[in-house]
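Got a sequence here, can you build the structure:
(one chain, ligands or ions: 1)
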Amino acid sequence: MEACNVPRTHNKRLASATNSSIRGSDVIKTIATDQLAVGMYIHDLKCSWIDHPFLSNQFRIKDHDTIRKIRDAGIVEAYIDTSRGLDVPTASTDAPAADNIVATVTDAPAAVSEKPTAKLSGPIILPTGLHAEEVRRARKLHQDATQLVGNMMADIRLGKQIEVDQCEPLVDDILDSIFRFPSALLPLAQMKTVDEYTFQHSVSVSALAVAFGRTLNMPRDIIKELALGGLLHDVGKAQVPARILNKPGKLTDDEFAVMKQHATYSANLLKHTKGVSEIALMAAAQHHERYDGSGYPHRLKGAAISIYGQMLAITDVYDAITSLRVYHNGMPPTEALRKMYEWSKTHFDPSLVQAFIKGIGIYPAGSLVRMESGIMGIVRETAQNNLLKPVVKTFYHADKKCYLDPKILDLSTVHDKIIAHESFEKWGIDQARWL
Ligand SMILES: [Fe+2]
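Below you'll find the model as predicted:
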């Protein structure tokens, strides 16, 4: 039975200090501070002594209060000495009982491939420390890409040219991040601020398009062009008057007609930008066309819309309805996918929508879910061959209304199952803290 825990603060600051002499040892292990337990011996907190509240860098953990102090200091990883204290438990290979939870704790960098892989079916369960590192890198990438789009749109307003060379390294980074571990960048894409919505939306559409292209087994160079199209698809909004673009409410018919021109503006801008391929141009120019011919600007129908335009249309709509907007809260991903499925009868090619859902999962990474046992958690990883049984990071008990020690639960290996998607707002849970 799970014991309740006191809610705690997770400052995601990564320790800067490293020690090469430590890394080579068998008994010294790097573990995430999420995995610390009473009885372990801290060999090093991976930070300067000034950054933690203890008299020494080395000590035995005698109580939970010590663990709390380490985490509250914002330390996310530490070295433990297994010759002087407890080791981390190893993941069980037996099928656990209903409320038995598998903790993933080993630090095995070899499990992560830096290269794109066509193996899409099973989940990649990253050890906690590596997962934290992936999320940290994804967060930085998301910030940099958002800033780049913001700067480009500011330049367009000043009449300057778009410089595609500036985009390429970041587009490559988006591809690398999604191919390596999609569950780090995609949940971040869901979270948006009102001020930066347009720029963040562009980054999200780009990241989702990469995940989509990967699901369809498209070649990397094609996905790269699609990702660039995603990043630039709304640059035409820079030419829409700010009073319409940022209006905090529903647009009038006349205002909406002006807003719709952004698709044409984007196409014209990109047509005259050096380094923008035909694929990127088509994807951006057609992102508001609809399969049944009801879209704009050209009311293209069916196969007259390129597959790239169709893919961006799906990612654009999915991101728009799941995001916080100026005038409404985002729809939970499961509800959004249901809507997408409905619209696939008219607005989208149904087979493409099915592929998109297969790629991101019925319970996409970053979703909050409740299990039959009452345990709640955030979806960490989905498996394409088992969409109903993702890997979940559990941390809360819905019935007892208390926090639990965070653990990684692979639902394909236990009897517990998801019974509901939950809202972060309703439970007062900060999504970013648990990614
Ligand atoms: Fe758009």
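
Show me what the longest strand seen in the chain is packed against.
The longest strand of the chain (DSSP state E) is strand 386-397. Here strand 386-397 touches strand 368-371, strand 375-383, strand 402-410, strand 418-422, going by 3 or more Cβ pairs under 8 Å, 6 or more residues apart in numbering; DSSP states H and E. Yep, even glycine has a C-beta here, placed from its N, CA and C like the rest.

what about 10 Å?
strand 4-5, helix 350-360, strand 368-371, strand 375-383, strand 402-410, strand 418-422, helix 431-434 (3 or more Cβ pairs under 10 Å, 6 or more residues apart in numbering; DSSP states H and E).

Deepest in the core, which of the ones you listed is it.
Across these, the average number of neighbours (mean count of other Cβ atoms under 10 Å) peaks for strand 375-383, which reaches a mean of 23.

you'd agree residue 168 is up against residue 275?
Yes. Counting by Cβ atoms under 10 Å, residue 168 touches residue 275, with 8.1 Å between them.

Now for the two: what residues contact both?
residue 228 (Cβ atoms under 10 Å, 6 or more residues apart in numbering).

roughly how far out does the host helix or strand of residue 174 sit from the chain middle?
Assessed by DSSP states H and E, residue 174 sits inside helix 164-180. For helix 164-180, the separation from the chain centroid amounts to 15 Å (computed by Cα atoms, centre = their mean, to the nearest Å).

buried stuff in it?
164, 167, 170-171, 173-180 (16 or more other Cβ atoms under 10 Å).

need the helices for the stretch 251-400 of the chain, in chain order.
For the stretch 251-400 of the chain, the helices defined by DSSP state H, counting those that start in this stretch cover 253-260, 262-271, 278-285, 307-322, 333-343, 350-360.

Mind checking those helices for the one nearest to residue 433?
helix 333-343 (18.4 Å; Cβ to Cβ).

what does the average pLDDT come to for that closest one?
In this model, helix 333-343 has an average pLDDT of 86.

Quickly, which of the helices of the stretch 251-400 of the chain bottoms out on average pLDDT?
Comparing mean pLDDT across those, the weakest is helix 333-343, with a mean of 86.

still on that earlier bit, quick check: mean pLDDT of the longest strand of the chain?
Here the average pLDDT along strand 386-397 is 89.

what lines up beside it in the sheet?
Here strand 386-397 has these sheet partners by DSSP bridges: strand 375-383 (antiparallel), strand 402-410 (antiparallel).

Quick check: buried residues in that strand?
Applying a neighbour-count criterion of 16+ other Cβ under 10 Å, one finds 389-397 buried in strand 386-397.

Name the nearest of these relative to residue 76.
residue 393 (14.1 Å).

looking at it, the closest one is touching residue 34, isn't it?
Yes. Counting by Cβ under 10 Å, residue 393 touches residue 34, with 9.0 Å between them.

which residues are common contacts for these two?
The contact lists of residue 393 and residue 34 share 128, 131, 406-408, where a contact means Cβ under 10 Å, 6+ apart.

Present those as a markdown table; the columns should include pLDDT.
Converted to a markdown table, the shared contacts of residue 393 and residue 34 look like this (pLDDT from 0 to 100):
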| residue | pLDDT |
| --- | --- |
| 128 | 68 |
| 131 | 76 |
| 406 | 88 |
| 407 | 90 |
| 408 | 88 |
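
Any regions of this structure where pLDDT drops low?
Along the chain, the parts satisfying pLDDT under 70 run over 1-26, 48-51, 89-128, 324-329.

How is it divided into domains?
4-88, 128-360 (automatic domain parsing).

tell me which strands and helices whatever helix or strand residue 136 lives in is in contact with?
Using DSSP H and E, residue 136 sits in helix 128-157. Where contact means 3+ Cβ pairs under 10 Å, 6+ apart, helix 128-157 is packed against strand 28-32, strand 77-81, helix 164-180, helix 182-190, helix 197-215, helix 220-232, helix 262-271, strand 402-410.

Tabulate these (CSV), appending distance to residue 301.
As requested, those are exported to CSV (distance: least, Cβ to Cβ, whole Å):
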stretch, distance to residue 301
strand 28-32, 51
strand 77-81, 54
helix 164-180, 30
helix 182-190, 30
helix 197-215, 21
helix 220-232, 20
helix 262-271, 16
strand 402-410, 44
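
and the gap between residue 426 and residue 335?
Applying Cβ to Cβ, to the nearest Å, the value for residue 426 to residue 335 is 14 Å.

no, scratch that, I was asking about residue 159
42 Å.

closest to residue 215 out of the strands paired with strand 386-397?
With Cβ to Cβ, the closest approach to residue 215 among those belongs to strand 375-383: 11.2 Å.

ok, back up a step: tell me the most buried of the domains of the chain?
Ranked by mean neighbour count, the domains of the chain are led by domain 128-360 with a mean of 19 (mean count of other Cβ under 10 Å).

that older thread, any chance of the buried residues of strand 386-397 in a markdown table, plus distance to residue 348?
Formatted as a markdown table, the buried residues of strand 386-397 follow (distance: Cβ to Cβ, whole Å):
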| residue | distance to residue 348 |
| --- | --- |
| 389 | 27 |
| 390 | 24 |
| 391 | 28 |
| 392 | 29 |
| 393 | 32 |
| 394 | 34 |
| 395 | 35 |
| 396 | 35 |
| 397 | 39 |
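
Thanks again, I'm all set now.
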